[in-house]
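In: Pasting the sequence and the predicted model now:
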Amino acid sequence: MTTTMAIKVTVNGETRVADVEPRTLLVHWLREDLALTGTHIGCDTSQCGACVVHVDGRAVKSCTMFAAQADGCAVTTIEGLGAADALHAVQDGFWEEHGLQCGFCTPGMIMTAAELLARNPDPSEAEIRHALEGNLCRCTGYHNIVRAIQHAAKGATA
Amino acid sequence: MTTTTKMIGQAIKRREDPKLITGQGQFLDDVKLTGMLHAVVVRSPYAHATIKGIDASKALALPGVVAVFTGEDMSDINPLPCAWAAGKVDNNLNTPRALAVGKAMHVGDGVALVVAEDRYIARDAADLVEVDYEPLAVVVDAKKATEPGAPQLHENAPSNIVMDWECGDREKTDAAIAAAEVTVREQIVNQRLIPTPMETRGSVARYEPATGEFTVWMTSQAPHVMRLLLAAFVFGIPETSVRCISPNIGGGFGQKIFVYADMAFTMWAARKLGRPVKFVEDRAENYQSSTHGRDHITDVEIAGTRDGRITGLRIDTLANLGGYLSTIAPGIPTTLYGRITTGVYKIPAAHCRVRGVYTNTAMVDAYRGAGRPEASYLIERMVDRFAAEIGMDPAEVRRRNFIPPEDFPYSNGMGLLPYDSGNYGPALDRALQIVGYDALRAEQAEARKQGRYLGIGLSSYVEICGVAPSAWIGLPGEGWGAGLWESANVRVHLTGKVVVTTGSLPHGQGLETTFAQIVADELGVPYDDVVVEWGDTSGTPFGFGTYGSRSLAVGGTAIVKTVAKVREKAKLLAAHMLEARVEDIVWEDGKAFVKGSPDQVKTLGDIALQAAVAYSLPEGMEPSLDETTYYDPPNCTFPFGTHVAVVDIDADTGAVSLRRYVAVDDVGTVINPLIVDGQLHGGIAQGVAQALTEGAIYDDDGQLVTGSLLEYAVPKASLFPQFETDRTVTRSPVNPLGVKGAGEAGTIASAQAVMNAVIDALQPFGVKHLQMPATSERVWNAMHGGTRGARS
């Protein structure tokens, strides 16, 4: 018999109530139960950062957290950050500067970058590269990701 | 033909992006079907073992488990095919089955399949499957595998040799080396790499019992080829019974070209169970059981004169191909490596021998660049070794030996079709100018006096793109026996909107954007009126897929040729509608008019409507504007360039930091500079990573020590400076666009630029060569005269 836990989480502004197995990872709950498949899984050791979401405003790898730990929290996923007709500045930066190729790491990259800019609206290139330590991209060599974040920062501070 | 706004050459942002930046991409793991089951593989913890028995009773007792299957259960399907038996591999082909039968050949070899209602249950159950293994002796190193007394992996492959292949002129080369003023020998290792697309691989299969049809969603760079191989070779069913769909693909880099066990076992299990089955690798599985790249051990000798002329090159390579042969594995270290080992140089005598070897490791197959990075690393390291030996500047040695521009088309004597076009000097000059070569050399000399170690590394490369021509790749001696042509269909809807379907398969390259730019110009229609479709075998003509930097040169050319057919038919119909002769019709900006009467126009929409309603067509004309082309190019294309790396080495720790990276590439005509630069950045990063951080390591027991992203050092953003890119443009004469290809050039050029810089920096320590990756431990040891890590 599997025991479950009742959780209440605000996801992208909407209150979600669920019974989850204690071992259910936040990323699996978001993807499988809430169908928020924009959050990706690229590893099993919390290196790649494809699964980064915001939990109470902080960038968190959702593969490193149980859904139960998000009880009472506000979670924002890539789907809640901005929409195609109302892009977040970082999403727009990624589009403008060709900050993505295959797009698999992109949601995590964008969520990490959005949190960086919330903390530090005008980061140096070194600060940007440091902030991306927990996110891997295999396509871009990070070159245009850095430019995308600079683009977003410029837009936000202009 | 003129158009108001030329799209070709413009850095427009990608149309692919809006869904990907908002989390709306549809990747394999996002596919969810009614009644879908989840599969988890039980994998061998041993690198080489007899499977004596499998007891699944405990797993089957777990609620939610639907079935457990073994390799024997799947004996009604065939092993996966090896499609490219290059190098005369014939009776010693050993390929994997959907699940291993009798023996496991490497750590991670699949031995049983658990199918359950959800992924967590399947994973729990996999741990309950008891497999009785009898471990066997293991060999992981290609050289050791060929030595007497090594464990024999396959009965049909004595000394574990897959093939013994050669190209070039052995006698002439031996004579050139024997007679040379200067010779330099080296053993050069091109270490094993793990491609690591950020999305792992997987398959979702559905079977319709009523029709006997499969639908398979797959992380594939070549779904049409997968359909052919799975239907005709593995299942022995008509190709028409299988539909393959590649959704968004989260990076491939070659690893997603091949036919894999999971495609077969999800299909088999879906048919057996009557429910869809999903399998998605976790990262550890991707590392243990999807393909790796490179892994060469090469003895090489270069010969030349004291005044810097290269006169001979002799190469003997052992290529580790793993425990089985992957889909095109034998073709990589032969056709795509040996034949281009002379690089950008006019070398009068060259010979390359390659032996493929079985070992108890994951299969090795194409990884970004596929053979060409190994070739380019080898020749560029040896040119630097030769330059150092004769005390000449490495830039000068390169210049003295470049194939001169008047020699193109150029045959290198290694069995390739001739290099199409090239002008190597200007790219080198430009790269040296951007980096400020002379000033850096002066700084280096000054720094050395102060005990600081700065290194400058050059790499002048040429590579082979558009691997397709039947005139070459289809030759029986190449083992493939077929051209790798590409297809395109272009149809104009009666509203004037243009739909292009392609057999190419973008997975990050931005082909939807690039192809739409081309069609907009060639047809003279607005860019936004062009839709590009791909990825589903039921909706696209057969194509060989995307790899080998072929999509623009081959797939793009197929589109250009198809658009030309559409345009010609549209002009014929316009002539009919305007009651004029077709010779008098002018086509401009997507409109037709009679010469001298530009006010009386028929738009593409008018013409498409007329073609669709079809009540008044010229005699004999078929309705609809809908054309298809299958394009077999006459030759490959040969991009080139020069890259320069500048590194600083920390004297205390041996840590290498990449100060600058300059790349001057010539990829022919550029359709979208934003995308081309992006391809180069990513390619460069992968080569730099090979030089500085990455390397797959098996221990002597065959355990993959670098089995996760914790140990396998995929580079982070902090490793890189901003790349400084520039280009020269030498059109390819092979195709009407003049394009060459850009997908792999960065990777092919970069590892040796960085290693040449590292070794240049270490010159005061008497270091002549260092194997990759240049970790701080290896560099520190080299600086302190230690041999540990320096030579192997």
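Out: Cool, got the structure.
In: Would you map the helices across chain A?
Out: Per DSSP state H, chain A carries helices over the ranges A:26-28, A:78-81, A:89-96, A:106-119, A:125-131, A:143-157.
In: Could you do the stretch 51-200 of chain B as well?
Out: B:57-61, B:119-126, B:142-145, B:170-178 (DSSP state H, counting those that start in this stretch).
In: Would you mind listing the buried residues in the last one?
Out: Buried residues in helix B:170-178, counting neighbours by 16 or more other CB atoms under 10 Å in any protein chain shown, are found at B:Thr173, B:Ala176, B:Ile177. (Glycine included, C-beta is placed from N, CA and C.)
In: likewise stretch A:129-139?
Out: For stretch A:129-139, burial by neighbour count (16+ other CB under 10 Å) applies to A:Arg129, A:Ala131, A:Leu132, A:Asn135, A:Leu136, A:Cys137, A:Arg138, A:Cys139.
In: what does stretch B:589-605 give?
Out: Residues of stretch B:589-605 classed as buried: B:Asp589, B:Gly590, B:Lys591, B:Ala592, B:Phe593, B:Val594, B:Val601, B:Lys602, B:Thr603, B:Leu604, B:Gly605 (neighbour count, 16+ other CB under 10 Å).
In: returning to what we had before: select, out of the helices of the stretch 51-200 of chain B, the one closest to chain A.
Out: Between chain A and those, the tightest spacing by CB to the nearest CB is seen for helix B:119-126, at 7.3 Å.
In: Run through the neighbouring helices and strands of that closest one.
Out: Secondary-structure packing of helix B:119-126 (3 or more CB pairs under 8 Å, 6 or more residues apart in numbering or on different chains; DSSP states H and E): strand B:37-43, helix B:57-61, strand B:65-70, strand B:110-116.
In: Relative to the whole chain's centre, how far out is it?
Out: Centroid separation for helix B:119-126 versus its chain: 34 Å, with CA atoms, centre = their mean, to the nearest Å.
In: Could you do stretch B:512-519 as well?
Out: Centroid displacement of stretch B:512-519 relative to its chain, using CA atoms, centre = their mean, is 22 Å.
In: do the same with stretch A:114-122
Out: The chain centre lies 14 Å from the centre of stretch A:114-122; the measure is CA atoms, centre = their mean.
In: about what we covered before: format the helices of the stretch 51-200 of chain B as TSV; extra columns: mean pLDDT.
Out: Listed next are those as TSV, based on pLDDT from 0 to 100:
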stretch	mean pLDDT
helix B:57-61	98
helix B:119-126	97
helix B:142-145	98
helix B:170-178	98
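In: picking that back up, just put the buried residues of helix B:170-178 in a markdown table and tack on distance to B:Phe386.
Out: Converted to a markdown table, those look like this (distance: CB to CB, whole Å):
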| residue | distance to B:Phe386 |
| --- | --- |
| B:Thr173 | 15 |
| B:Ala176 | 14 |
| B:Ile177 | 12 |
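In: and B:Ile390, backbone torsions?
Out: Torsion angles at B:Ile390 (phi, psi; degrees, to the nearest 10) stand at phi -100, psi 0.
In: got it, and the one 4 residues further on?
Out: Torsion angles at B:Pro394 (phi, psi; degrees, to the nearest 10) stand at phi -60, psi -30.
In: Ends of stretch B:471-489, what's the gap?
Out: 24 Å (CA to CA, to the nearest Å).
In: so what's the residue of chain A at minimum distance from chain B up against?
Out: For chain A and chain B, the shortest gap (CB to the nearest CB) falls at A:Gly38, measuring 1.9 Å. Contact analysis of A:Gly38 by CB atoms under 8 Å, 6 or more residues apart in numbering or on different chains lists A:Thr77, A:Ile78, A:Glu79, A:Pro107, B:Thr22, B:Gly23, B:Gln24, B:Gly25.
In: For burial, what's the neighbour tally of residue 80?
Out: Since no chain was named, I'll use chain A. Neighbours of A:Gly80 under the rule other CB atoms under 10 Å in any protein chain shown: 21.
In: Correction: the question concerned chain B.
Out: Neighbourhood size, B:Leu80 [other CB under 10 Å]: 24.
In: ok, it - contacts?
Out: Counted by CB under 8 Å, 6+ apart, B:Leu80 has contacts B:Thr95, B:Pro96, B:Arg97, B:Ala98, B:Leu229, B:Phe233, B:Val234, B:Val259, B:Tyr260, B:Ala261, B:Ala264, B:Thr327.
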